[in-house]
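Visitor: model the following, please.
(chains A and B, ligands or ions: 8)
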There are 2 protein chains.
Amino acid sequence: KEERITLAHGSGGKATQTLIEAVFLDAFSNPMLDRLEDAAELSVNETRLALTTDSFVVSPLFFPGGNIGDLAVNGTVNDLAVSGAKPLYLTAGFILEEGFPVADLIRIVASMKAAADAAGVSIVTGDTKVVQRGKADGCYINTAGVGVVRCPGRLGAATVQPGDAVLVSGSIGDHGVTVMLARGELDIEADLVSDTAPVHDLVATLLAATPGVRAMRDATRGGVATILNEVAKAADVAVVVDEDKVPVGTEVRGASELLGIDPLYVACEGRIVVFVAGAEAETALDALRSHPLGREAALIGRVKADPPGLVLLNTTFGGTRICDLLVGDPLPRIC
Amino acid sequence: KEERITLAHGSGGKATQTLIEAVFLDAFSNPMLDRLEDAAELSVNETRLALTTDSFVVSPLFFPGGNIGDLAVNGTVNDLAVSGAKPLYLTAGFILEEGFPVADLIRIVASMKAAADAAGVSIVTGDTKVVQRGKADGCYINTAGVGVVRCPGRLGAATVQPGDAVLVSGSIGDHGVTVMLARGELDIEADLVSDTAPVHDLVATLLAATPGVRAMRDATRGGVATILNEVAKAADVAVVVDEDKVPVGTEVRGASELLGIDPLYVACEGRIVVFVAGAEAETALDALRSHPLGREAALIGRVKADPPGLVLLNTTFGGTRICDLLVGDPLPRIC
Ligand SMILES: Nc1ncnc2c1ncn2[C@@H]1O[C@H](COP(=O)(O)OP(=O)(O)OP(=O)(O)O)[C@@H](O)[C@H]1O
Ligand SMILES: Nc1ncnc2c1ncn2[C@@H]1O[C@H](COP(=O)(O)OP(=O)(O)OP(=O)(O)O)[C@@H](O)[C@H]1O
Ligand SMILES: [Mg+2]
Ligand SMILES: [Mg+2]
Ligand SMILES: [Mg+2]
Ligand SMILES: [Mg+2]
Ligand SMILES: [Mg+2]
Ligand SMILES: [Mg+2]
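Guide: Residues are numbered from 1 along each chain as shown, chains lettered A, B, ... in the order given. Ligands and ions are numbered 1, 2, ... in the order given. Predicted coordinates:
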């Protein structure tokens, strides 16, 4: 076991999963948490609720297409949405660094309000802490979200089966590459904006048209490849993906090459991966494409029985290779 | 309006309130948030829920009587409890600094689990982010909490009336002074431990015995004086407190003098302030004292009609003075 926290523990990849299992699950274990879904499903009286949380530490705070504020609202809205819940109420916890410009805070808060309105949720409670200079990086935001579960107990990574189709709702990697470029550390000019968006309505459209949806995830840290691995493991199935079917924009492809990272591992903030019964693949694809956020949706692969727990990639060059969890953290603090 | 965030914005006092109203309420405003209670009350289907959040940035992370982990659980449990809700489910969001010892994280997480068990709540979902060295201070934790409301719409600062009695559940200031001393910046030896504790059971005992409870608050940042001011303002009443009836331990009194701060402004993490119909003051006091966490409960004052919005202190020396909101932040990062 490692003795100190490294950036890789925050990547969403292999080190994150190991830490979560060895430290957090080991201590907190309970049936709601142990499923490791995007949101926990729980009961209060007879009502089935979804509950989720994310902290946001993105750097820089402002980037093309968004800022930490709309990211913090959309991120939590999306974890509720992909869990099959209707997002309702959000909390907002701020950790501010001494010296942070109030004008920047006001911009961030205005973006949160606009994002909350767009997603139909209310921010009903909050908290504000301040730490000394050099003990944060301007502004960190945590949001937690409560939603009402639409179809209790039906969705979940563990329900995915051989024969299912794997869909992605749009081109991948835009958010991660946009944030990397916004840091100005790379000498690339690209006309790229983050894909940050609330997917609640896209998900509602999909679920209304497609009873055979088994599981959805938003492809955030670790990207689409991480989601596929999580599902392969949870359902004990193989996921086989055709590389050339995965929608990747030209600019993302170019920047990823320069960064030395596969777009499959780059974070999106408004894209979902969908697992659906094979017979309903086309229905699901049509439903996604009927929505503005899903116009570029694509069928990217299939679920098989073997080899269980693995993701296989049929590469553009005709070979097949294992597409494992991300090791290290090539893109720190993209959310 | 100030142009940059200062430590005072995190004190819980005047600057915090101004920031919350001018920036957060101004943008997010809705009936649930606008009450500015410890938890928001909301409906999902027919169920009345309470929802709250707090981030924890205490320094040092470990102090006599507790650490950031039990603080993060108890703090959120207490905001639910004083809102009249039964705490049920918690989220846990970690922001870790690169290089943080995994062994410390394991200790913190074990304390969270023990505190959750003691309060009868489950940690059902979480998040783990890592920032580079120098961009945090070891470990920050956010918790959000969901509870079920016991008596919908009944409790709240705005319901406090002239004639009500003001009680405190025990000696004040232990937590704040303990954390200050743990920093080792003062040359004082004191045999003091934090009062961090979950008050859900104390509150349940009180509510069962005393139908006339109007409002409760946990006296965290800004201490008892801040709570009294918040209630005086929300209910548009005067709160008159007898200084010599406020229970303050000898060590807290001594350290506060050296720190140059009034114990009334020092944070507790396991003490509540109770407003109750005057006729039930003794019943409430007996109920509090019957519980291990309320043995030193005291009646410290009364609510009057005039002057509305102010807290008056009858001092030990026989005078009366206004006890206003805290200005500045003499004790940063005590939670
Ligand atoms: N510190 C923690 N304590 C308890 N559970 C955790 C913790 N961190 C993560 N988890 C759980 O692990 C699972 C994966 O968390 P993760 O944050 O990677 O998911 P996500 O929010 O969908 O992704 P992202 O944070 O990139 O948006 C979730 O079920 C989450 O509840
Ligand atoms: N950033 C924010 N956005 C929206 N509301 C906020 C924000 N910060 C605080 N609030 C609201 O202001 C009120 C006071 O918050 P505060 O954090 O002082 O209360 P508390 O949690 O009881 O105290 P403490 O944080 O010291 O434990 C609450 O109703 C809270 O919801
Ligand atoms: Mg997710
Ligand atoms: Mg998320
Ligand atoms: Mg708070
Ligand atoms: Mg409180
Ligand atoms: Mg609190
Ligand atoms: Mg997360």
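
Visitor: give me the residue at the spatial middle of chain A.
Guide: In chain A, the residue lying closest to the centroid (CA atoms, centre = their mean) is A:T220, at 2.8 Å.

Visitor: which element is that residue on?
Guide: Assessed by DSSP states H and E, A:T220 sits outside every helix and strand.

Visitor: for it, report the pLDDT, please.
Guide: Per-residue pLDDT puts A:T220 at 98.

Visitor: and it, what does it touch?
Guide: A:12, A:75, A:78, A:267-269, A:335 (CB atoms under 8 Å, 6 or more residues apart in numbering or on different chains). For every residue, glycine as well, the C-beta is placed using N, CA and C.

Visitor: tell me the two of the residues you listed that are most distant?
Guide: For the contacts of A:T220, with distances taken as CB to CB, the pair at the greatest spread is A:G12 and A:N78 (14.3 Å).

Visitor: now do the strands in the stretch 1-150 of chain A.
Guide: A:40-44, A:47-56, A:62-63, A:66-67, A:85-97, A:122-131, A:139-149 (DSSP state E, counting those that start in this stretch).

Visitor: what's the closest of these to ligand 6?
Guide: Ranking the strands of the stretch 1-150 of chain A by proximity to ligand 6 (CB to the ion) places strand A:122-131 first, at 9.5 Å.

Visitor: that closest one near ligand 2 anywhere?
Guide: Yes. Using CB under 6 Å from any ligand atom, strand A:122-131 comes into contact with ligand 2 via A:125-128.

Visitor: circling back: list just the nearest of the contacts of A:T220 to B:L25.
Guide: For the contacts of A:T220, the nearest to B:L25 is A:G75 (22.9 Å; CB to CB).

Visitor: hey, what's the nearest residue to the closest one once chain neighbours are set aside bridged with?
Guide: Nearest-residue entry for A:G75: A:D54, 4.8 Å, with adjacent residues in sequence omitted and distances by CB to CB, 6 or more residues apart in numbering or on different chains. Legend: beta-bridge partners of A:D54 under DSSP bridges are A:T143.

Visitor: check whether A:D54 really touches B:D127, as I assumed.
Guide: Yes. If you go by CB atoms under 8 Å, A:D54 and B:D127 touch, sitting 4.7 Å apart.

Visitor: common neighbours of those two, please.
Guide: In contact with both A:D54 and B:D127: A:142, B:93, using CB under 8 Å, 6+ apart.

Visitor: which parts of the stretch 151-300 of chain A are helices?
Guide: A:174-182, A:200-209, A:223-235, A:250-259, A:281-289 (DSSP state H, counting those that start in this stretch).

Visitor: dump these to a markdown table, plus mean neighbour count and distance to ligand 7.
Guide: Formatted as a markdown table, the helices of the stretch 151-300 of chain A follow (neighbours: other CB atoms under 10 Å in any protein chain shown; distance: least, CB to the ion, whole Å):
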| stretch | mean neighbour count | distance to ligand 7 |
| --- | --- | --- |
| helix A:174-182 | 26 | 32 |
| helix A:200-209 | 20 | 29 |
| helix A:223-235 | 25 | 34 |
| helix A:250-259 | 17 | 42 |
| helix A:281-289 | 20 | 42 |
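
Visitor: out of those helices, which is closest to ligand 1?
Guide: helix A:223-235 (7.9 Å; CB to the nearest ligand atom).

Visitor: just want the angle from the closest one to helix A:174-182.
Guide: Counting by axes from the mean of the first three to the mean of the last three CA atoms, to 10 degrees, helix A:223-235 lies at 140 degrees to helix A:174-182.

Visitor: touching ligand 1 at all, helix A:223-235?
Guide: No. Using CB under 6 Å from any ligand atom, we find that helix A:223-235 stays clear of ligand 1, coming within 7.9 Å at best.

Visitor: per-residue pLDDT of A:K1, please?
Guide: At A:K1, pLDDT is 63.

Visitor: excluding residues flanking it in the chain, which one is nearest the residue in the stretch 201-335 of chain A positioned nearest to ligand 3?
Guide: The nearest approach of the stretch 201-335 of chain A to ligand 3 comes at A:D218, 4.4 Å away (CB to the ion). Distance criterion CB to CB, 6+ apart; nearest residue to A:D218, sequence neighbours excluded, is A:N78 at 4.3 Å.

Visitor: tell me, how many residues neighbour the residue nearest to A:A15 when sequence neighbours are not counted?
Guide: What sits nearest to A:A15 in space, not counting adjacent residues and going by CB to CB, 6+ apart, is A:A8, at 3.9 Å. A:A8 has 22 neighbouring residues, counting by other CB atoms under 10 Å in any protein chain shown.
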